[in-house]
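Q: sharing a model that was predicted from the sequence below.
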Amino acid sequence: MSDESLAIFELLRRDKRYKLEAYQFVREGLSFGQSVMEMGEIRQTEAGLAEAAEELAEAPDEMSESEDWEPPAERHLTGQELCEAIRRYAVEQYGLMAKVVLNSWGLHKTGDFGEIVYNLIEIGMMKKSKTDRREDFENVYDFEQAFNEQFEIKITD
């Protein structure tokens with residue numbers, strides 16, 4: 001079992017508020033926001049630059065001399081952006097059942113997303129910037145409005 005798996009299972013043992021699926025879903029929501037929705041500020045991270053330097057050192061000479069090559073960048077989402085990405089991803093994945101599914105994993109408010117993010121930061125599975133705060137996730141939207149009231153069911157004769 002990998003160190004990452006051990007860390008998440010230890011986290012689940014220690015903090016029983018959320019199911020494994022909630023952690024997976026928040027990470028998927030982050031990816032959705034970064035790649036599909038293209039949300040977030042593009043940043044060159046130290047880890048990304050170090051990884052790029054390593055790749056460049058191992059790359060064939062013609063690749064390292066290419067003018068088109070750029071080190072990988074990472075999109076950093078704010079807490080509010082991540083909450084919105086998760087909302088849209090949940091609706092896309094589960095439609096009318098989104099709120100029910102999220103609730104079954106222990107997610108009842110946007111602050112829960114922040115708790116999960118900060119738990120993942122604690123075990124090294126997510127990163128934060130100097131400006132990120134747990135409070136950024138509080139009361140971003142109401143689950144009832146975000147997941148139920150947006151759907152309009154029309155009955156035609």
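A: Received it, and whenever you're ready, just let me know what you need. Numbering: from 1, shown residues only.
Q: which residues in this protein form strands?
A: With strands called from DSSP state E, the chain shows them at 41-43, 74-76.
Q: least reliable of those strands by average pLDDT, please.
A: Among those, strand 41-43 carries the lowest mean pLDDT, a mean of 61.
Q: which non-adjacent residue is nearest Phe25?
A: Trp105 (6.9 Å; C-beta to C-beta, 6 or more residues apart in numbering). Heads up, the C-betas are built off the backbone N, CA and C, glycines and all.
Q: phi, psi for the one you found please.
A: Backbone torsions of Trp105, given as degrees, to the nearest 10, read phi -100, psi 0.
Q: and it, how far is that from Gln24?
A: Trp105 sits at a distance of 9 Å from Gln24 (criterion: C-beta to C-beta, to the nearest Å).
Q: looking at the two, which is more packed in?
A: Neighbour count, other C-beta atoms under 10 Å: between Trp105 and Gln24, Trp105 has more, with 19 against 13.
Q: domain map for this protein?
A: Per the record, the chain has its domains at 3-40+78-149, 41-76, by automatic domain parsing.
Q: just those: most buried one?
A: domain 3-40+78-149 (a mean of 16; mean count of other C-beta atoms under 10 Å).
Q: follow-up on the earlier one: give the contact list for the residue nearest to Phe25.
A: 18-19, 21-22, 25 (C-beta atoms under 8 Å, 6 or more residues apart in numbering).
Q: same question for Ala22.
A: So Ala22 contacts 102, 105-107, 112, 116 (C-beta under 8 Å, 6+ apart).
Q: in this protein, which helix or strand is least confident?
A: Sorting the helices and strands of the chain by mean pLDDT, DSSP states H and E puts helix 61-64 at the bottom, at a mean of 51.
Q: for the protein, give the helix that spans the most residues.
A: In the chain, assigned by DSSP state H, the helix with the most residues is helix 79-94.
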